[in-house]
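Q: after the sequence you'll find the predicted model.
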Amino acid sequence: KRQVQNHLHMVHILQEYPSYGLLQHYSLQIHKIRGLVHLILKLGVNHFFIIDNGSTDGTFEHLRAEDDVTLFQNVDSFSEAAYGVFWVNYLMRRYGVGHWCFHVDMDEAFVFPRMEQGAQLSDLIAFLFAYGFESVPSLMLDIYPKHLGIPKNGDRFSSSIYIDCDYFSMPCELPPYHFIQGGLRSRISGRSLMMTKSPLIKMSADTAYLVNNHQHTHMRVADISAALLHYKFVGDLMGRVDEAIDREEHFMGARFYKSLRDPLFSSDASDGFVSDYSLIYEGPSQLCSLELIHTSANWNNFKLNKS
């Protein structure tokens with residue numbers, strides 16, 4: 001019997017400034033969970049709420065034994081739950097009202113201006129609280145290797161060092177009030193994808209995500225933006241694409257995955273994914289210089305907690 005890779009939802013519920021978490025839904029494997037959770041822990045998150053959507057690869061058993069995880073299981077259809085939005089909104093309303101909710105996929109790493117200066121997630125939340133902001137807009141930034149596969153050193157993330165710099169933004173009526181397109185997946189699939197997300201929001205009783213965490217109900221958006229480094233091209237991507245096509249649980253019957261499969265195979269079999277639009281990722285300051293993310297005078301002058 002073919003194993004179904006674990007499907008999770010991750011939303012971190014942050015108690016004012018201390019970090020308290022909850023996880024978001026996506027097609028992942030245990031090696032991704034271990035790798036990306038380490039990055040999230042470095043931000044200061046210390047607890048995770050996880051929804052397991054019928055995994056059979058040992059993920060549920062692995063997570064059930066973890067002290068820093070509150071685990072839920074729902075084996076119903078991902079697509080019929082508005083691609084997990086119903087589950088996430090329910091848990092955020094049940095546990096997150098009055099708190100900051102940090103919602104990222106398990107193949108994403110959150111970065112924001114001033115991280116090189118030592119800024120932590122708690123600093124960012126203190127800034128948002130001080131200025132009355134309720135949401136942080138983010139670019140979903142694909143970070144990728146030259147070729148698919150696992151490096152000889154066994155570190156599945158170490159070879160993902162490239163980003164595209166050809167993203168563009170247009171105004172949008174729904175928060176976070178802009179629509180970003182571009183990047184590697186658009187380049188190789190020919191499809192215009194929404195690369196906007198809002199991973200960090202202040203939850204109230206009438207707050208809700210509308211399209212995964214890409215858009216949400218109206219609230220005051222911060223004067224800075226962040227990025228989610230999207231490690232889509234880690235590990236057995238072809239296997240995950242085939243599974244997504246087979247399950248047809250993703251958006252529009254996995255149409256994106258169907259359009260991605262052949263270009264993925266041909267790109268990796270030839271010169272890889274690197275193109276004239278590719279740059280080696282250096283850090284959040286580089287993203288600010290490229291105007292892929294933005295800072296503000298208020299944030300630049302905000303005093304960080306160095307303790």
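A: Received, thanks.

Q: isn't there a strand covering Phe60?
A: No - read with DSSP: H, G, I helix; E, B strand; the rest coil, Phe60 is helix and lies in no strand.

Q: using PDB, list the CA coordinates for stretch 86-105.
A: C-alpha atoms of stretch 86-105 as PDB (Å, rounded to 0.1, in the frame of the first residue of the first chain):
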ATOM      1  CA  PHE A  86     -12.200  25.800   7.700                       C
ATOM      2  CA  TRP A  87      -9.900  23.800  10.100                       C
ATOM      3  CA  VAL A  88      -7.500  26.600  10.600                       C
ATOM      4  CA  ASN A  89     -10.100  29.300  11.200                       C
ATOM      5  CA  TYR A  90     -11.900  27.000  13.700                       C
ATOM      6  CA  LEU A  91      -8.800  26.400  15.700                       C
ATOM      7  CA  MET A  92      -7.700  30.100  15.700                       C
ATOM      8  CA  ARG A  93     -11.200  31.100  16.900                       C
ATOM      9  CA  ARG A  94     -11.200  28.400  19.500                       C
ATOM     10  CA  TYR A  95      -7.700  29.100  20.900                       C
ATOM     11  CA  GLY A  96      -6.400  32.300  19.300                       C
ATOM     12  CA  VAL A  97      -8.800  35.100  19.900                       C
ATOM     13  CA  GLY A  98      -6.900  38.000  21.500                       C
ATOM     14  CA  HIS A  99      -3.600  36.500  20.600                       C
ATOM     15  CA  TRP A 100      -1.200  36.800  17.700                       C
ATOM     16  CA  CYS A 101      -1.500  33.800  15.300                       C
ATOM     17  CA  PHE A 102       1.500  32.700  13.300                       C
ATOM     18  CA  HIS A 103       0.400  30.500  10.400                       C
ATOM     19  CA  VAL A 104       3.100  29.000   8.100                       C
ATOM     20  CA  ASP A 105       3.400  25.800   6.000                       C
END
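
Q: buried sites along it?
A: By 16 or more other CB atoms under 10 Å, the buried positions in stretch 86-105 come out as 87-89, 91-93, 95-96, 99-105. Yep, even glycine has a C-beta here, placed from its N, CA and C like the rest.

Q: please apply the same query to stretch 173-185.
A: Neighbour-count burial for stretch 173-185 flags 174-176, 179-185 (criterion: 16+ other CB under 10 Å).

Q: looking at those residues, which one is closest to Ala81?
A: Top of the list for closeness to Ala81, among the buried residues of stretch 173-185 and by CB to CB, is Leu174 at 20.3 Å.

Q: for that closest one, what are its contacts?
A: 210, 215-216 (CB atoms under 8 Å, 6 or more residues apart in numbering).

Q: could you do Asp164 as well?
A: 142, 182-184, 187, 275, 277-279.

Q: before we move on, what SS does Leu260 have?
A: helix.

Q: who wins for neighbours among the contacts of Leu174?
A: Ranked by neighbour count (other CB atoms under 10 Å), the contacts of Leu174 have His216 at the top, with 23 neighbours.

Q: my guess is that residue meets Ser204, correct?
A: No - if you go by CB atoms under 8 Å, His216 and Ser204 don't touch, sitting 11.0 Å apart.

Q: which stretches of this structure aren't confidently modelled?
A: Counting by pLDDT under 70, the chain contains low-confidence ranges at 1-39, 150-154, 235-242, 244-259, 261, 265-271, 307.

Q: how long is stretch 122-139 end to end?
A: This stretch, stretch 122-139, spans 20 Å end to end (CA to CA, to the nearest Å).

Q: show me which residues of it are buried.
A: 122-128, 133-139.

Q: Ser169: how many residues sit nearby?
A: Should you count by other CB under 10 Å, Ser169 turns out to have 17 residues around it.

Q: just the element for it, please.
A: strand 168-171 (DSSP states H and E).

Q: off-centre distance for the helix or strand following that strand?
A: Downstream of strand 168-171, the first helix or strand assigned by DSSP H and E is strand 178-181. Distance, stretch centre to chain centre, for strand 178-181: 16 Å (CA atoms, centre = their mean, to the nearest Å).
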